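> Attaching a predicted model along with its sequence, questions to come.
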Amino acid sequence: MNRNRLLGGLAVAVFAGILLSMFVYHEFKMASAPIIAAPTRQIVVAAGPLSLGTRLTAKDLRLIPWPDSAPMNNTFAKPEDCENRALITTLSENEPILESKLAPLAAGGGLAATIPEGMRALSVAVNEVVAVAGFVTPGAMVDVIATGATSNGGNITRTVLENVRVLAANQRVESRGKPEGVTVITLLVSPPDAARLTMAASSGKIQLALRNTIDSATAEIPPILQASLFGVNAPPAPVTERRAAPPPKAPAPSPYVVDVIAGGKRENKSFPNPSVTTGESNGQPAQKQ
């Protein structure tokens with residue numbers, strides 16, 4: 001009996017050894033097999049961090065392999081296809097260069113290249129209060145609120161522009177991530193809005209209201225009158241005293257006309273009417289003396 005148990009245990013051990021040997025052999029074979037690389041293609045990326053408005057040169061670009069299994073549209077295969085074109089956004093190192101991130105070749109470089117067709121860049125003078133304590137930085141979205149005088153001598157405040165992008169603060173087109181005092185803000189506006197902003201800045205006072213960059217909803221905000229805000233009624237209109245018109249003057253009495261015959265000659269002679277003024281003053285006809 002003991003001998004049979006010994007033979008059975010030996011058989012199990014031999015079988016387990018064979019299975020383990022086969023597993024090790026398979027793993028060694030897989031490890032030594034050549035690795036087949038996934039097919040790739042070359043795309044153009046940024047060689048380093050690039051700022052908005054940068055006009056690309058050969059030193060700003062380089063090629064990296066990109067897997068064909070994850071294609072990306074509007075990329076470039078040759079750096080020379082991107083040279084002399086300006087960026088309309090900022091780029092990080094190794095970020096792919098896309099057609100949508102480049103201005104047209106004829107647009108040049110700098111801030112002008114970042115202005116979309118049909119839009120305008122307009123600068124307005126600001127102070128620390130108007131610039132929301134320095135938090136209005138390039139890329140921020142703001143509303144423009146204007147305060148001016150009305151025709152009756154009061155003041156009115158209204159929102160003249162909504163959801164306007166800040167292109168630059170002073171001469172910077174990139175945000176530094178912290179509040180900074182500025183004296184000039186450049187906004188991206190349409191031509192009609194450029195006229196409204198110019199009128200508001202020259203005829204009254206403007207204030208910028210900072211908003212979330214993902215909040216693009218517009219609100220119908222009614223204008224605020226100074227009288228309604230502080231409960232002050234408009235001054236009453238001056239009352240003009242009306243005086244009764246004087247009665248019309250009575251017509252002068254007609255003169256007496258007398259026919260006079262002298263030496264066979266006849267003629268008419270006029271004599272004053274001897275009216276009594278006392279009777280006229282009482283509204284009665286004058287009595288003859």
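That came through, no problem. Numbering: from 1, shown residues only.
> tell me the strands in the stretch 101-250 of the chain, going along the chain?
Using DSSP state E, counting those that start in this stretch, the strands of the stretch 101-250 of the chain run over residues 120-125, 141-149, 155-169, 184-189, 205-211, 224-225.
> Mind giving me the packing neighbours of the third one?
In this case it means strand 155-169. Strand 155-169 is packed against strand 120-125, strand 141-149, strand 184-189, helix 191-203, strand 205-211, strand 224-225, helix 226-230, with contacts defined by 3 or more Cβ pairs under 8 Å, 6 or more residues apart in numbering; DSSP states H and E. In short, each C-beta sits where N, CA and C put it, glycine included.
> Show me the chain divided up by domain.
Per automatic domain parsing, the domain ranges recorded for the chain read 40-113, 115-230.
> Export those as JSON lines, with columns for distance to S270 and mean pLDDT.
As requested, these are exported to JSON lines (distance: least, Cβ to Cβ, whole Å; pLDDT from 0 to 100):
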{"stretch": "domain 40-113", "distance to S270": "97", "mean pLDDT": "89"}
{"stretch": "domain 115-230", "distance to S270": "63", "mean pLDDT": "88"}
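> Let me have those in TSV, extended by distance to L10.
Below are those laid out as TSV (distance: least, Cβ to Cβ, whole Å):
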stretch	distance to L10
domain 40-113	52
domain 115-230	74
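> neighbours of A200, just the number please.
Other residues near A200 come to 20 when the count uses other Cβ atoms under 10 Å.
> so which of the domains of the chain comes closest to P246?
Judged by Cβ to Cβ, the one of those that comes nearest to P246 is domain 115-230, at 35.9 Å.
> Please report how far the most centrally placed residue in the chain lies from G139.
Nearest residue to the geometric centre of the chain (Cα atoms, centre = their mean): V164, 2.4 Å. Per Cβ to Cβ, to the nearest Å, V164 is found 12 Å from G139.
> swap in F28?
57 Å.
> which of those two has more neighbours?
Remark: of F28 and G139, G139 carries more neighbours, 16 against 10, as counted by other Cβ under 10 Å.
> That one reaches S175, doesn't it?
Yes. At 5.5 Å, G139 counts as touching S175 under the criterion of Cβ atoms under 8 Å.
> want to throw the strands of the stretch 101-250 of the chain into a markdown table with distance to A47?
Shown next, in a markdown table, are the strands of the stretch 101-250 of the chain (distance: least, Cβ to Cβ, whole Å):
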| stretch | distance to A47 |
| --- | --- |
| strand 120-125 | 29 |
| strand 141-149 | 31 |
| strand 155-169 | 25 |
| strand 184-189 | 29 |
| strand 205-211 | 34 |
| strand 224-225 | 52 |
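> which one of the ones you listed lies closest to A16?
strand 141-149 (70.5 Å).
> Phi and psi next, for the nearest residue to A131 once chain neighbours are set aside.
Leaving aside its sequence neighbours, A131 sits nearest to V182 (Cβ to Cβ, 6 or more residues apart in numbering; 5.4 Å). The phi/psi pair for V182 (degrees, to the nearest 10) reads phi -130, psi 160.
> tally of neighbours for V182?
Other residues near V182 come to 23 when the count uses other Cβ under 10 Å.
> do the same with P39
9.
> got the contact list for the closest residue to it other than its chain neighbours?
Leaving out its chain neighbours, the residue that sits closest to P39 by Cβ to Cβ, 6+ apart is D68, at 4.6 Å. Contact analysis of D68 by Cβ atoms under 8 Å, 6 or more residues apart in numbering lists A38, P39, T40, R41.
> Please give me every residue in contact with the last one.
By Cβ under 8 Å, 6+ apart, the contact set of R41 is P65, W66, D68, A77.
> Can you say which two of the residues you listed are spatially most distant?
Comparing all pairs in the contacts of R41 by Cβ to Cβ, the longest separation belongs to D68 and A77, at 12.7 Å.
> For the helices and strands packed on strand 155-169, give me CSV that also has distance to T57.
What follows is the helices and strands packed on strand 155-169, written out as CSV (distance: least, Cβ to Cβ, whole Å):
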stretch, distance to T57
strand 120-125, 25
strand 141-149, 32
strand 184-189, 26
helix 191-203, 33
strand 205-211, 36
strand 224-225, 52
helix 226-230, 56
